[in-house]
Each structure stands twice: as C-alpha cells, then as structure tokens.
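Novice: Generate coordinates for the sequence data below:
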Amino acid sequence: QVQLAESGGGLVQAGGSLRLSCTASGRTFITYAMAWFRQAEGKEREFIAAIRWMDADVGYADSVKGRVAISRDIAKNTMYLQMNTLKSEDTAVYYCALTTKTTGDYDYWGQGTQVIVSS
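Specialist: Numbering: from 1, shown residues only. As a prediction, this is how the structure comes out:
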C-alpha cells in the first residue's frame, strides 16, 4: 500500500504563485509515475501534469502548459507542482496520484488540497 499526502494549498491572489507538495509513504518502491489532477466545483476531475519517477520524464495538460512545472525528489519521495501566474479558473481541489503501472491507470490518490485564487 501507498499513502499520499498533499500540502501547500491555500488562498492566493491572481497572478501569484503557489507550490504544492505530495509526499508518498509506504511501498513507494513500486512507483512508476505520479501526477497532479484537479477538480473544480461542479466540474469533472482534470489531469494537470505527470512525472515518470525514474527518469523524470514529464507531461502537461495544454490548459496549464507554460504556467506550471512538475518535479520530484526521489530521496524525499515527494512530488511538487509549481504554479505561476495563477488565474481564478485555477481554483480547485488539487489531488496527487500514483501509479504502479505503465498504462497510466492511477492506483493511489491523496485527499486533496484546496487552492483558491482570488481575482
């Protein structure tokens, strides 16, 4: 089993920056990739970015490309999401997820951290 814990959410003004963290614990050696998703109120969950654990290969959703950066620290079993030039439409609950498979089917999810961008 793997447990995920997000942190770093909060209230930020439009145009500001925020860095989210997600720390994994448990059987983390089985990690293939981790990712960030978000879900705004009344909307479906949306993929933001993903990072392959061993070689840090990354991918981003077009909606955030250029404004966010995903990274990871293997020694700390922690993944980060640096978000810049935040907009009101970035307001959502942000979730981290982990997959043990190459198919992109995420097995484990965190509880989420709320990000509110005020305009």
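
Novice: Now whichever strand or helix holds residue 71: buried residues?
Specialist: In the assignment (DSSP states H and E), residue 71 maps to strand 68-73. Buried residues in strand 68-73, counted by 16 or more other Cβ atoms under 10 Å: 68, 70, 72. To be clear about C-beta, it is placed using only N, CA and C from the backbone, and glycine gets the same treatment.

Novice: Closest to residue 92 out of those?
Specialist: residue 68 (12.6 Å; Cβ to Cβ).

Novice: who's the closest one bridged to?
Specialist: Note on residue 68: beta-bridge partners residue 83, judged by DSSP bridges.

Novice: Please tell me how far it sits from residue 18.
Specialist: Distance of residue 68 to residue 18, computed by Cβ to Cβ, to the nearest Å: 10 Å.

Novice: Check residue 77 too.
Specialist: Per Cβ to Cβ, residue 77 is found 21 Å from residue 18.

Novice: show me what contacts residue 60?
Specialist: By Cβ atoms under 8 Å, 6 or more residues apart in numbering, the residues touching residue 60 are 48-49, 68, 70.

Novice: That one pairs with what?
Specialist: Judged by DSSP bridges, the bridge partners of residue 60 are residue 49.

Novice: Quick check, pLDDT for it.
Specialist: With respect to pLDDT, residue 60 scores 97.

Novice: next one: residue 77
Specialist: On the pLDDT scale, residue 77 gets 95.

Novice: isn't it right up against residue 29?
Specialist: No: using Cβ atoms under 8 Å, residue 77 is not in contact with residue 29, being 9.6 Å away.

Novice: Right, I'll leave it there.
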